[in-house]
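**Student:** All I have is the shape, not the residue letters:
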């Protein structure tokens, strides 16, 4: 069985088309053009706005002209994560999907169901002229995964609709009505590299890999290992005992993905190579023991000889950077006091790049409380400032505050119960959703988020529960049919 055999075929056909167009965050021009062409071909008014978002407007079907306008909203970009051994080029290659029982997966990469299935559902609705609905707007934003730039750039007069259905949640049967806000903590510095005397030294590449990683909003509470924090522990253990000197250090590549792997090139005195290898083995055993109940696939820590670099990081700089990464908060800071099962505040020490006289570290802080978000960010700033780094806060946004008296959510709950015989779960989440940015631009808009069931987004283990897609799509179809009339 292939993706073309899945039901509903119209949704999976559109999703397959999206998988054939490279669309990692930061490279969405081609998919935006594809969506505009698709919209125009199917009779919609379609255009790309000044922020790079795609907007499509569809006329009401006969008899539904007096309904309020509903907005279907999703994002066109996907997180480009792949296994360490994959040769996939996200800017050139199509995603290769395969059916694994009730799950759809991708070969060694992220699937892009986040949020390709939201886009595909909107496309299927535009294409199907047999559906009944009032006026529709479709908003497909760009670069949601790297900073919600499309939502930030959306003009306050682009949308005309009253009800926004965000199609970017990951559990069928849930309706999200609130989310955390976020802030990027960006740390940088330049340093003068020191010359390397290769005599009596051997270069090793230390690598951490095999971690689960995951979505830094949805899965930050699962206690998964962070490759950058593990590497900091290894470097602290080897550098402070005179077993190694750091030349370069890299880990992670997406601000909202828990880093799955990383590597560092170090110089080891030849007379201490055996001691160095023993320390690496000891660290690896420690990590496996600590995370054996979480990292089920195992943690791989290796050190293999490599070409000797010509330059290295000065001793004081390497010490400061290792100490800062080791000390910086990562993971859950606290849960919501009144909803203790939901994370309130967290940070993801996401990306480290230290080489060639430049060091950069990126952290994504999240919180549903602006004061706690600022507290966390200031703490991170203090930590990395003491290491001599310049620290900036970028892309900050407040959380989406839940409207517990939402008429839209009441209607959605009633429709869901009528269709499936039970009430949906209404909740707030720690992950960031574009509703938190769009909402302040349109204060009178009523919003809710939902979607099919996805597991492990932002990792190569991302997968979609196939039976949930038909339920999700049929639900969207019924919702747009039941949008109320204008007052």
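**Tutor:** Right, received. Where do you want to start? All values reported here derive from a predicted model rather than from experimental measurement.

**Student:** Pairing partners for the lengthiest strand in the chain, with directions?
**Tutor:** The strand of greatest length in the chain, counted in residues with DSSP state E as the criterion, is given as strand 339-355. Strands adjacent to strand 339-355 in the sheet, as given by DSSP bridges, are strand 245-251 (antiparallel), strand 331-336 (antiparallel), strand 358-367 (antiparallel).

**Student:** Make TSV out of those strands and add mean neighbour count, distance to residue 71 and mean pLDDT.
**Tutor:** For every residue, glycine as well, the C-beta is placed using N, CA and C. As requested, the strands paired with strand 339-355 are exported to TSV (neighbours: other C-beta atoms under 10 Å; distance: least, C-beta to C-beta, whole Å; pLDDT from 0 to 100):
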stretch	mean neighbour count	distance to residue 71	mean pLDDT
strand 245-251	23	39	98
strand 331-336	17	28	96
strand 358-367	24	25	98
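
**Student:** Dump the ones you listed to JSON lines, plus distance to residue 167.
**Tutor:** What follows is the strands paired with strand 339-355, written out as JSON lines (distance: least, C-beta to C-beta, whole Å):
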{"stretch": "strand 245-251", "distance to residue 167": "32"}
{"stretch": "strand 331-336", "distance to residue 167": "25"}
{"stretch": "strand 358-367", "distance to residue 167": "21"}
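
**Student:** quick one, which of those strands is nearest to residue 14?
**Tutor:** Taking C-beta to C-beta as the criterion, strand 358-367 is the member of these that comes nearest to residue 14, at 30.4 Å.

**Student:** Show me how far the longest strand of the chain is from its chain's centre.
**Tutor:** Between the centre of strand 339-355 and the centre of its host chain there is 12 Å, according to C-alpha atoms, centre = their mean, to the nearest Å.

**Student:** buried residues in that strand?
**Tutor:** If you call a residue buried by 16 or more other C-beta atoms under 10 Å, then strand 339-355 has these buried ones: 342-355.

**Student:** what mean pLDDT does it have?
**Tutor:** Per-residue confidence for strand 339-355 averages out to 96 on the pLDDT scale.

**Student:** Please tell me how far residue 315 sits from residue 239.
**Tutor:** Distance from residue 315 to residue 239, counting by C-beta to C-beta, to the nearest Å: 9 Å.

**Student:** shared neighbours of these two, anything?
**Tutor:** Listed as contacting both residue 315 and residue 239 by C-beta atoms under 8 Å, 6 or more residues apart in numbering are residue 245.

**Student:** okay, those two: which has more neighbours?
**Tutor:** The residue with more neighbours, out of residue 315 and residue 239, is residue 239; 19 against 12, by other C-beta atoms under 10 Å.

**Student:** which phi and psi does the more buried one have?
**Tutor:** Backbone torsions for residue 239, taken as degrees, to the nearest 10, come to phi -70, psi -50.

**Student:** show me where this protein has helices.
**Tutor:** 9-19, 29-41, 113-127, 149-153, 227-239, 273-291, 315-327, 370-385, 407-420, 435-441, 466-481 (DSSP state H).

**Student:** Out of the ones you listed, the one nearest residue 99 is which?
**Tutor:** Ranking the helices of the chain by distance to residue 99, with C-beta to C-beta as the measure, places helix 466-481 first at 7.4 Å.

**Student:** Which secondary structure elements does the closest one sit against?
**Tutor:** helix 9-19, strand 70-75, helix 113-127, strand 163-166, helix 407-420 (3 or more C-beta pairs under 8 Å, 6 or more residues apart in numbering; DSSP states H and E).
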